[in-house]
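A.B. asks: Kindly generate the corresponding structure for this input.
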Amino acid sequence: MQNIDINSPEFQAELEKTWSFIEKVDKQFGFIQNPDSEVNEGVAMGLARNRLIYGKRYCPCFMVVGETPEERKSADNRICPCKPALKKEIPENGVCHCGIFCTPEYARSKQMEKDMQEAAHQHSRGLTQDEAQMLVEKEQLDADELESLLEARELGMVDFRLIDVREDMEYRMGHIEGTDELWPTSQFYDWIEKIQGRKEERLILYCHTGSRSFQVQHVLKAQGFAHVGNLTYGIISYSGNVVR
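C.D. replies: Below you'll find the predicted structure:
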């Protein structure tokens, strides 16, 4: 296999041609590049590498099958922009498998998600209402995200119920400020019947480490509860206010 020196004039020249190719594809199909520049740079470098090795811009996210040009052609390797991306991935998902070609709508959504994550984790500002609505849809939340959502709920930007699924003694020892209800896992069959009429409510569950709440989350979703989130690492990961 040919080794490629990414600092060589040959590779840099091919990389420049690849960027021109990417811009041409964007213009032809109305795509725009991923808001994550690292995604674009990685794909562009992979395309340039494959062009130098194989003579074609094979998709860098898939293994190139075949030792000769004839074998590679018969193997139907993906050549950028590949047919699966144009016919299925982008129309259905808004983005190709590699992530470099996006619809404007997908790119806007990813940029909003990126901005939301920055606000939630760096606490550089509060969430906007659109960001809060996007964040509350996540199934797995970290501590910073939950803290930001609780702040947004206080401001009336979003609505959900925060549920502790630990036991009563654990709850009394300390629970997240803003917890709305206690649903002990040991009493699951007692309270599950009482909440059957609440399947459209937005729920966020937590426990000590995230294990019990993760299990309860999946049971609730299997029973038709539409919006159930989980604090991934539990209350031990939470640095916000805890009532003790």
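A.B. asks: hey, where'd the helices end up in the protein?
C.D. replies: For the chain, the helices defined by DSSP state H cover 9-29, 37-54, 69-74, 83-84, 90-93, 104-122, 129-135, 143-154, 168-173, 188-191, 211-222.
A.B. asks: Okay, domains of the protein per the record?
C.D. replies: By the assignment in automatic domain parsing, the chain contains the domains 9-102, 125-243.
A.B. asks: Distance-wise, check Glu64 relative to Arg72.
C.D. replies: No Glu there; residue 64 is Val. In this view, Val64 and Arg72 are 6 Å apart by C-beta to C-beta, to the nearest Å. Backbone N, C-alpha and C define where each C-beta goes, glycine included.
A.B. asks: Give the residues shared as contacts by these two.
C.D. replies: Listed contacts common to Val64 and Arg72 are 54, 58; contacts here mean C-beta atoms under 8 Å, 6 or more residues apart in numbering.
A.B. asks: For Gln129, give me its contacts.
C.D. replies: Per C-beta under 8 Å, 6+ apart, neighbours of Gln129: 152, 157-158.
A.B. asks: Mind doing that once more with 7 Å?
C.D. replies: Met157 (C-beta atoms under 7 Å, 6 or more residues apart in numbering).
A.B. asks: same deal with the one 3 residues further on?
C.D. replies: Listed by C-beta under 7 Å, 6+ apart, the contact partners of Ala132 are 149, 152, 157-158.
A.B. asks: any chance of those residues in JSON lines, with distance to Cys96, pLDDT and neighbour count too?
C.D. replies: JSON lines is the format used below for the contacts of Ala132 (distance: C-beta to C-beta, whole Å; pLDDT from 0 to 100; neighbours: other C-beta atoms under 10 Å):
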{"residue": "Leu149", "distance to Cys96": "31", "pLDDT": "96", "neighbour count": "26"}
{"residue": "Ala152", "distance to Cys96": "33", "pLDDT": "95", "neighbour count": "23"}
{"residue": "Met157", "distance to Cys96": "33", "pLDDT": "95", "neighbour count": "18"}
{"residue": "Val158", "distance to Cys96": "32", "pLDDT": "96", "neighbour count": "22"}
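A.B. asks: between those residues, which is closest to Leu127?
C.D. replies: Ala152 (4.8 Å; C-beta to C-beta).
A.B. asks: Gly178 versus that closest one, what's the distance?
C.D. replies: For Ala152 relative to Gly178 (C-beta to C-beta), the value is 11 Å.
A.B. asks: ok, for Ile22, nearest residue in space, not its chain neighbours?
C.D. replies: Leaving aside its sequence neighbours, Ile22 sits nearest to Ala44 (C-beta to C-beta, 6 or more residues apart in numbering; 6.3 Å).
A.B. asks: I'd assumed Ser20 was in contact with the one you found.
C.D. replies: No. Between Ala44 and Ser20 there is no contact under C-beta atoms under 7 Å: 10.5 Å.
A.B. asks: So if I had to pick from the two, which one is more boxed in?
C.D. replies: Shown here are Ala44 and Ser20; by other C-beta atoms under 10 Å, Ala44 has more neighbours (21 against 10).
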